[in-house]
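Enquirer: The sequence and its predicted three-dimensional model are supplied below.
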Amino acid sequence: ERKITFGKIIGRGIYYCASMIVGLILYYIILKIFLHCYDVSLSNYQGISDMGNFQLSALPGLIRKTFVSFCMLPLKDYCNLAQMNFIKFAYLALGIISIAVILWHMIKTKKNILVSAITTVLLIVFPFAVNLIVVMCPNSTIYTLMVYSFAIVLCVPIVLINMMPENPDLPKIQKGIKTVIIALLLSVICCYSYLANVNYTAMYYTNRQAENYLNSMVVQIRMADHYDASKKWAFIGDKIEDPLIKNAWEKAPMYGGKGSTYINAYSRNRWIQQYFGYKVPMADKDTVNKLAHSEEVQNMPCWPDNGSVRVIDDTVVIKLQNE
């Protein structure tokens with residue numbers, strides 16, 4: 001076995017930190033160049049512009065949330081990472097095996113106090129490092145793609161298999177551990193493959209539903225009395241409550257994605273623009289607020305009932321729900 005010295009550990013740490021810093025600098029420079037060349041700006045998606053902005057008093061609660069959501073993954077699904085009971089079991093089993101193997105290594109190398117101390121610290125920090133997004137984006141909705149770092153959790157057993165030296169006294173136990181780890185990882189891959197296919201199928205049919213529904217919405221809006229293309233649109237309310245919007249895949253197990261509907265305030269206008277080639281001329285916020293509190297709009301029925309679309313002055317009002 002190669003002897004690991006304190007100098008080597010510090011050297012590797014400096015190397016990896018320097019690599020990450022250089023990578024971040026290059027990313028920032030290239031990003032700025034392309035933003036300038038194409039004259040575009042980044043959107044504040046999921047509050048990304050406020051990343052890392054939080055009060056110090058909230059830090060203990062965020063750290064606790066980070067550890068709890070990580071450690072509870074085998075018992076409670078987190079960001080659709082463990083929608084199937086077998087995946088929860090696999091995470092629990094792999095976690096127990098990984099910790100047992102690490103402790104076995106630490107006991108075997110108990111004379112090297114430095115390595116044992118660093119290993120202990122890294123074990124404590126590991127959940128926080130993997131789930132750091134909770135601290136960085138405290139005001140955002142955390143979803144599957146934002147916790148992609150959890151993929152490293154399944155890599156830990158693979159690393160441990162490669163690090164496990166052959167022990168002539170425990171050949172069957174070591175072989176059994178390796179077999180169990182490989183079997184669990186292969187099973188998890190099969191489960192995620194199944195969930196991914198279900199997810200992509202659900203997204204396909206949800207896309208078709210959004211296309212058809214929004215197409216009918218645009219047609220109905222353009223058929224309103226006194227409508228013309230120069231008038232701006234004002235959506236009053238965000239949600240659409242329509243019994244015709246049903247999705248058979250809504251309750252299917254999902255690995256990320258959204259299987260219910262894309263017909264919402266977040267994506268509605270972009271759908272119309274991208275799929276119909278028509279950029280909706282939207283009314284400004286002051287106009288929308290003024291219309292929302294007007295008596296005429298208050299008395300209008302909600303979409304999709306007859307009368308939910310009306311031209312008021314120079315604005316096409318679409319009332320989606322009561323404010």
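Expert: That came through, no problem.

Enquirer: So residue 317 is in contact with residue 234, correct?
Expert: Yes: Residue 317 lies in contact with residue 234 (Cβ atoms under 8 Å); the separation is 5.2 Å. Every residue, glycine included, has its C-beta placed from N, CA and C.

Enquirer: Next, the contact list for residue 320, please.
Expert: The contact partners of residue 320, by Cβ atoms under 8 Å, 6 or more residues apart in numbering, come to 235-241, 302-303, 308.

Enquirer: run the last query once more with 6 Å
Expert: Residues counted as contacts of residue 320 (Cβ atoms under 6 Å, 6 or more residues apart in numbering) are 237, 240, 303.

Enquirer: which residues do residue 317 and residue 234 both contact?
Expert: The contact sets of residue 317 and residue 234 overlap at residue 291 (Cβ under 6 Å, 6+ apart).

Enquirer: Skip the chain neighbours and tell me the closest residue to the most centrally placed residue in the chain.
Expert: Centroid-nearest residue in the chain: residue 143, 2.6 Å away (criterion: Cα atoms, centre = their mean). Excluding its sequence neighbours, the residue lying closest to residue 143 (Cβ to Cβ, 6 or more residues apart in numbering) is residue 79, at 5.7 Å.

Enquirer: Longest helix of the chain, counting residues only.
Expert: If you go by DSSP state H, the chain has its longest helix at helix 171-222.

Enquirer: who does that helix touch, helix- and strand-wise?
Expert: helix 85-108, helix 268-276 (3 or more Cβ pairs under 6 Å, 6 or more residues apart in numbering; DSSP states H and E).

Enquirer: Need the contact partners of the first one.
Expert: Among residues not part of helix 85-108, those counted as contacts by Cβ under 6 Å, 6+ apart are 73-74, 82, 116, 119, 156-157, 160, 184, 188, 191.

Enquirer: what about the helix or strand immediately after that helix in the chain, average pLDDT?
Expert: Proceeding N to C from helix 85-108, the next assigned helix or strand is helix 113-130, under DSSP states H and E. Averaging pLDDT along helix 113-130 gives 82.

Enquirer: list the buried ones in helix 113-130?
Expert: Using 16 or more other Cβ atoms under 10 Å as the test for burial, helix 113-130 gives 115-116, 119, 127, 130.

Enquirer: I'd like the mean pLDDT over the very next helix or strand once past it, please.
Expert: Remark: after helix 113-130, the chain's next helix or strand is helix 133-136, criterion DSSP H and E. The average pLDDT for helix 133-136 rounds to 82.

Enquirer: Looks like residue 262 contacts residue 209 (just checking).
Expert: No: assessed by Cβ atoms under 6 Å, residue 262 is found out of contact with residue 209, at 8.0 Å.

Enquirer: Among the contacts of residue 320, which one sits closest to residue 19?
Expert: Set against residue 19, the nearest of the contacts of residue 320 by Cβ to Cβ is residue 240 (48.0 Å).

Enquirer: Where does residue 310 sit, in terms of helix or strand?
Expert: Using DSSP H and E, residue 310 falls within strand 309-312.

Enquirer: Just give the strands next to that strand in its sheet, each with its orientation.
Expert: Paired strands of strand 309-312, with direction, are strand 315-319 (antiparallel) (DSSP bridges).

Enquirer: Can you name the residues in contact with the partner strand?
Expert: When contacts are defined by Cβ under 6 Å, 6+ apart, strand 315-319 is touched by residues 231-236, 283, 291, 300, 302, 308-310.

Enquirer: Go through those and name the one nearest residue 277.
Expert: For the contacts of strand 315-319, the nearest to residue 277 is residue 233 (16.0 Å; Cβ to Cβ).

Enquirer: That closest one: how many residues sit nearby?
Expert: When neighbours are defined as other Cβ atoms under 10 Å, residue 233 has 17 of them.
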